[in-house]
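Asks: Just the structure for this:
(chains A and B)
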Amino acid sequence: MGVLTPAVKESKGKIKNNRSSDTVMEVVLYVIAVLFLIILIYPLYFIVIASFSDPSAVAGGQVWLFPKGFTLDGYKELLRHSNIWIGYRNTILYTIVGTLIGLVVNISAAYALSRKDLKGRKFLSLFFIFTMFFNGGLIPTFLTVRDFHMYDTFLVMVLPFSVGVYNIIVARTFFQTSIPGDLWEAAQIDGCGNLRFFTGVVLPLSKAIIAVLGLWIAVGHWNSYFNALIYLKNPNLHPLQLILRNILITNQMQSGIGSGEAAQLALRLANMMRYSVIIVATVPIMCVYPFIQKYFNQGVMIGAVKE
Amino acid sequence: MRSGQASSGGTLMAVKRNWGLYLLLLPAVVLSLLFAYKPMYGILIAFKDYSPALGITESPWAGFKYFEKFFNSYQFSNTIKNTLIISLYSLVTFPIPIILALMVNQMRPNRFRRFFQTVSYMPHFISTVVMVGLMVILLSPSTGLVGNLFSLFGKEAPDLLGSSSLFSSVYVWSDVWQHVGWDSIIFIAALSAVDPSLYEAATVDGASRWHKVRFIDIPMLMPTAVTLLILRVGGLLGVGFEKVYLMQNDLNATSSEILSTYVYKIGLLSSQYSFSSAVNLFNTVINFILLIIVNQISKKISENSLW
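Replies: Below is the predicted model of the structure:
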């Protein structure tokens, strides 16, 4: 070891110094990470335990780590409100139909735009991208929808706004980077047309991006309330989010209640229901995510980095 | 290749050969024409006295009447001020997802890291309605988590949702809570693309972990960060309607009225279609100009631009 040059000796010393600073950094990193996790998880955890607790204990600040006065009344109360279940049904329908339409529209457009031999490719890309930055605005769009007799229909929730330019860009990048050009050339020689190539070769190779876009679109449908607020009047078409808004924020459930013991009970149940309805409305869409996560990591990563 | 030497007849051939691709584009193009481009024609009503009986084309011209009406109204400076405060405030939080990504990148790829990432994405899947509902429940000064925390220390809790001066803080930090994990994905992806040999070379040179973050990771993130920043600045006056509208109440009204909620109220709630469209157009045009300016500046100083 005596043959080490001074430079190497010096760098060895530096590395040793750096080791200890690296350890400090490691500790700080994990302390912050754990604090961060607590801040993220605790509010959600609180809602879960509060939904199983006696509401007066929740209001009195006695619920911190475990449910207090365990009860399922909040969930039982949900069953009595038929409008919640109508909303639930509507949201499921909008999500399924809307996601299918969105996938077909965006994936097929993205594939066409990914092909370098598409004449007018640049113009067509601009045609879509322009709508990202400039639009007619609320009222002109509203008037257009009404002119097409789509106001207050099922269709308005799933069709008119299904073009997602960002989705198209991400999917286009995916196709450009993961479908080799020779594949199309070879298919052409075999006499395979564009449509058969798309459905028979491209789509089976693109499960990752289909899963990712499907998740994005589905979450968007499940969670949106804006279009319903603007374009729907009939309560039988209302999605879950609009009904949640009444329960959680505008508190319409409590209006029209008289006074006295019956009113006290109704108020109590309405309060409990706020917790249980959040759980029931949020858990399904959160459960979808882990199944898609593995695709997600491949798909988005590619689309995002190369953008 | 072949079409390179061909004339306009060659273009037609190329279009014909790839008719399948145009068919794939058709749904997205038709939907964009009908529901993005057709409403742009409707912008005309901002310069007209729109009457539903006459329609867009037949309604009499009003010139800049509605723009002047907006510029002279009390809501002009108020809505613009509120919109700017919220968006500049959110702009300040822009580096937080980057910091999170750098942290995640420093964690060893083990179960903790996977758990950390999954948990940090979770709040993103909560709908805006549920998110604001959560805030109503948790931030209530009398019965909420915040109220309980304060009473634990024998202090009176502030009414976070019923305060004009705290409105922007509550809005922005609840947004950070909900989306920081999700927004960090794109940066984590960019970091995963860093060539490992760079780190090896740095280690040989005696760089500490902090040095590697400072001189390898951060520069690698800059292009992505600048692109996203341009988009954010371009949307400076485009603060989303959904969350602000839900958070509005009588107590915070002076600081919670922003351009998009104002457009909705005068347009759809009080049916002043032309006035609402004028305000909306003003908003869109300013956003568009900002986007172009920022893009130009960024092109000059950093060679990063959207186009």
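Asks: what separates the residue most central in space within chain A from residue B:294, distance-wise?
Replies: Among the residues of chain A, the one closest to the centroid is residue A:219, at 3.4 Å (Cα atoms, centre = their mean). Computed with Cβ to Cβ, to the nearest Å, the distance linking residue A:219 and residue B:294 is 29 Å. Any C-beta I mention is one placed from the backbone N, CA and C, and that applies to glycine too.
Asks: swap in residue A:240?
Replies: Here the distance between residue A:240 and residue B:294 works out to 38 Å (Cβ to Cβ).
Asks: Have a look at those two and say which one is more surrounded.
Replies: residue A:240 (30 against 20; other Cβ atoms under 10 Å in any protein chain shown).
Asks: Buried residues of the helix or strand that contains residue B:286, list them for me.
Replies: Residue B:286 belongs to helix B:273-302 when assigned by DSSP states H and E. Of the residues in helix B:273-302, B:273-284, B:286-287, B:290-291, B:294-295, B:298 count as buried by neighbour count, 16 or more other Cβ atoms under 10 Å in any protein chain shown.
Asks: near chain A at all, that helix?
Replies: Yes. Helix B:273-302 reaches chain A (Cβ under 8 Å from any Cβ of the partner chain) through B:273, B:276, B:277, B:280, B:281, B:283, B:284, B:287, B:288, B:291.
Asks: What of stretch B:165-178?
Replies: Yes. Using Cβ under 8 Å from any Cβ, we find that stretch B:165-178 touches chain A at residue B:177.
Asks: Give me the packing partners of the helix or strand where residue B:219 lies, helices and strands only.
Replies: Element membership of residue B:219 [criterion: DSSP H and E] is helix B:218-234. Of the remaining helices and strands, those touching helix B:218-234 by 3 or more Cβ pairs under 8 Å, 6 or more residues apart in numbering or on different chains; DSSP states H and E are helix B:74-92, helix B:95-106, helix B:167-192, helix B:273-302.
Asks: And chain A, what are its domain boundaries?
Replies: According to the domain assignment given by the TED database, chain A is divided into the following structural domains: A:22-70, A:74-302.
Asks: just those domains: most buried one?
Replies: By mean neighbour count, with neighbours taken as mean count of other Cβ atoms under 10 Å in any protein chain shown, domain A:74-302 ranks first of those at a mean of 18.
Asks: and that one, average pLDDT?
Replies: Model confidence over domain A:74-302 averages 88 on the pLDDT scale.
Asks: Just give me the neighbour total for the nearest residue to residue B:294 once chain neighbours are set aside.
Replies: If you skip the residues right next to it in sequence, residue B:294 has residue B:233 as its closest partner in space, 4.5 Å away by Cβ to Cβ, 6 or more residues apart in numbering or on different chains. Applying the criterion other Cβ under 10 Å, we find 20 residues in the vicinity of residue B:233.
Asks: And for residue B:101?
Replies: Taking other Cβ under 10 Å as the neighbour definition, residue B:101 ends up with a count of 26.
Asks: and the residue nearest to it when sequence neighbours are not counted, what does it touch?
Replies: When the adjacent residues along the chain are set aside, residue B:101 lies closest to residue B:187, with 3.5 Å between them (Cβ to Cβ, 6+ apart). Contacts here follow Cβ atoms under 8 Å, 6 or more residues apart in numbering or on different chains; on that basis residue B:187 touches B:97, B:98, B:100, B:101, B:102, B:221, B:224, B:225.
Asks: let's see it at 7 Å
Replies: Residue B:187 is in contact with B:97, B:98, B:101, B:221, B:224, counting by Cβ atoms under 7 Å, 6 or more residues apart in numbering or on different chains.
Asks: do residue A:46 as well
Replies: Residue A:46 sits next to residue B:145 when contact means Cβ under 7 Å, 6+ apart.
Asks: Can you give the distance of the helix or strand hosting it from its chain's centre?
Replies: Of the helices and strands defined by DSSP H and E, residue A:46 is found in helix A:6-51. The chain centroid and the centroid of helix A:6-51 are separated by 29 Å under Cα atoms, centre = their mean, to the nearest Å.
Asks: and after that helix, which helix or strand comes next?
Replies: Heading towards the C-terminus - elements assigned by DSSP H and E - helix A:6-51 is followed by helix A:55-59.
Asks: packing partners for that next one?
Replies: helix A:261-305 (3 or more Cβ pairs under 7 Å, 6 or more residues apart in numbering or on different chains; DSSP states H and E).
Asks: and the angle from the helix it packs on to helix B:218-234?
Replies: 120 degrees (axes from the mean of the first three to the mean of the last three Cα atoms, to 10 degrees).
Asks: could you check the angle helix A:6-51 makes with helix A:261-305?
Replies: Here helix A:261-305 points in a direction 150 degrees away from that of helix A:6-51 (the same axes, to 10 degrees).
Asks: helices or strands next to helix A:261-305 in the packing?
Replies: The helices and strands touching helix A:261-305, judged by 3+ Cβ pairs under 7 Å, 6+ apart, are helix A:6-51, helix A:55-59, helix A:73-80, helix A:165-178, helix A:207-223, helix A:240-248, helix B:128-138, helix B:167-192.
Asks: Same list (those helices) but as a markdown table, adding distance to residue A:140.
Replies: Putting those into a markdown table (distance: least, Cβ to Cβ, whole Å) gives the following:
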| stretch | distance to residue A:140 |
| --- | --- |
| helix A:6-51 | 40 |
| helix A:55-59 | 46 |
| helix A:73-80 | 40 |
| helix A:165-178 | 19 |
| helix A:207-223 | 22 |
| helix A:240-248 | 23 |
| helix B:128-138 | 24 |
| helix B:167-192 | 28 |
